[in-house]
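K.L.:
sequence-free structure coming up:
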């Protein structure tokens, strides 16, 4: 089998986090997001991985290189303009010769796909759609299926008067190379809403496989924050977070208080009296005395002033926040600066 990760879009809904950083290398706790997706493919013994890229592609290649240090062979396919989820796979067709596991670039999950691969083989499916865990909605399409798990329809939205239970695509697919012949070359084409309906209409076998586990589609800053909190709280069960001990200075006054869930990079400074709860504090951050940080993510180089409160916020790289400020439920882009006593 081969793997393909769709990572070429600009991540516009994640702005300002993606203005200087492409989504595949945006940091989730202690490492780039793409590394978690590569772990999913490696768990299936897939070592041949294609990554479709476009936006700020050089930054992705600089970090991941050819992938050999991570135990994979990583090949990049660059799009000059967006081709859609099917069009981007068609663009990479020359490098595809085996059953393909496709992961959309918005998905963070611990779903075990080994059972889905067996399901795909047993059904003789041309395309198998992995469903989100029960009760989890997604933007990748509502799936209608028969009692045997065969997909009969896929569409974007349910009617406003339809309050029934739905099955949703998890944005993960198992695809046979023969299906790619139905994708027009060089055109923008949707896997979910063009290719799969075309396969169904033509009588080709398309099945949907249920899943269990934790799944989140992080395409907004709020979901990005949730993904980090889920990770440090152990809700994404197959991923272990290394929690190195930071040396916290406390020459005078009360020591900093840090709960067991929080991730603190060792190359950071946290002054006495600071309180950190359920938060991610990245490398080279500086937290002054009696600052309080709750349910937040501080990206590398952020500085938080004395007695400032940060709650439910994402603080970008190199941000400087002054003293006695109140930062609640907001997102600060890289290199922002707030004066003392700011309230946002």
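P.N.:
That came through fine. Since the structure is predicted, the reported quantities are computational estimates derived from the model, not experimental observations.

K.L.:
Burial check on residue 2, number of neighbours?
P.N.:
Residues near residue 2, counting by other CB atoms under 10 Å, number 22. Placement of C-beta: from N, CA and C, glycine included.

K.L.:
Verify the stated contact: it with residue 102.
P.N.:
No: if you go by CB atoms under 8 Å, residue 2 and residue 102 don't touch, sitting 9.6 Å apart.

K.L.:
what is in contact with these two at once?
P.N.:
Shared contacts of residue 2 and residue 102, defined by CB atoms under 8 Å, 6 or more residues apart in numbering, are absent.

K.L.:
helices or strands next to the strand ranked longest in the chain in the packing?
P.N.:
In the chain, ranked by residue count with DSSP state E as the criterion, the top strand is strand 167-175. Contact partners of strand 167-175 among helices and strands, from 3 or more CB pairs under 8 Å, 6 or more residues apart in numbering; DSSP states H and E: strand 100-104, strand 107-109, helix 114-123, strand 127-131, strand 142-145.

K.L.:
now the angle from that strand to helix 114-123?
P.N.:
For strand 167-175 against helix 114-123, the angle by axes from the mean of the first three to the mean of the last three CA atoms, to 10 degrees is 70 degrees.

K.L.:
quick one, strand 167-175 and strand 127-131 angle?
P.N.:
Counting by the same axes, to 10 degrees, strand 167-175 lies at 140 degrees to strand 127-131.

K.L.:
ok and strand 167-175 relative to strand 100-104, angle-wise?
P.N.:
140 degrees.

K.L.:
Skip ahead from strand 167-175 and say which helix or strand is next.
P.N.:
As assigned by DSSP states H and E, the chain's next helix or strand after strand 167-175 is helix 196-201.

K.L.:
Show me what the helix or strand following that next one is packed against.
P.N.:
Per DSSP H and E, the first helix or strand lying C-terminal to helix 196-201 is strand 206-209. Packing contacts for strand 206-209, counted by 3+ CB pairs under 8 Å, 6+ apart, involve helix 114-123, strand 127-131, strand 142-145, strand 151-155, helix 196-201.

K.L.:
mind listing the helices in the stretch 201-344 of the chain by residue range?
P.N.:
For the stretch 201-344 of the chain, the helices defined by DSSP state H, counting those that start in this stretch cover 221-232.

K.L.:
Flag every buried residue along stretch 308-317.
P.N.:
308-311, 313-317 (16 or more other CB atoms under 10 Å).

K.L.:
now do the same end-to-end measure for that stretch.
P.N.:
18 Å (CA to CA, to the nearest Å).

K.L.:
Stretch 257-267 now?
P.N.:
End-to-end for stretch 257-267, by CA to CA: 17 Å.

K.L.:
Just the mean pLDDT for that stretch, thanks.
P.N.:
For stretch 257-267, mean pLDDT rounds to 91.

K.L.:
what's the answer for stretch 23-30, then?
P.N.:
88.

K.L.:
Go through that stretch and flag the buried ones.
P.N.:
Neighbour-count burial for stretch 23-30 flags 23-30 (criterion: 16+ other CB under 10 Å).

K.L.:
same thing with stretch 256-269?
P.N.:
By 16+ other CB under 10 Å, the buried positions in stretch 256-269 come out as 256, 258, 261-265, 268-269.

K.L.:
Equivalent analysis for stretch 13-25, please.
P.N.:
Using 16+ other CB under 10 Å as the test for burial, stretch 13-25 gives 14, 17-18, 21-25.

K.L.:
swap in stretch 183-192?
P.N.:
183, 189-192.

K.L.:
Also stretch 30-40?
P.N.:
Within stretch 30-40, the residues that count as buried by 16+ other CB under 10 Å are 30, 32-38, 40.

K.L.:
try stretch 196-211
P.N.:
Neighbour-count burial for stretch 196-211, with 16+ other CB under 10 Å as criterion, is recorded at 196-200, 204-211.

K.L.:
what about that stretch, how long is it end to end?
P.N.:
In stretch 196-211, first residue to last residue: 20 Å (CA to CA).

K.L.:
quick one: average pLDDT of that stretch?
P.N.:
91.

K.L.:
before we move on, what about stretch 99-117?
P.N.:
91.

K.L.:
Relative to the whole chain's centre, how far out is that stretch?
P.N.:
12 Å (CA atoms, centre = their mean, to the nearest Å).

K.L.:
Same check on stretch 173-191?
P.N.:
So, by CA atoms, centre = their mean, the centroid of stretch 173-191 is 23 Å from its chain's centroid.

K.L.:
Which secondary structure element of the chain has the lowest mean pLDDT?
P.N.:
Within the chain, confidence by mean pLDDT, DSSP states H and E is lowest for helix 57-64 among all helices and strands, at a mean of 80.

K.L.:
Direction included, what does the very next helix or strand once past that one pair up with?
P.N.:
Next along the chain after helix 57-64, taking DSSP H and E as the criterion, comes strand 73-78. Strand pairing for strand 73-78, determined by DSSP bridges: strand 48-53 (parallel).
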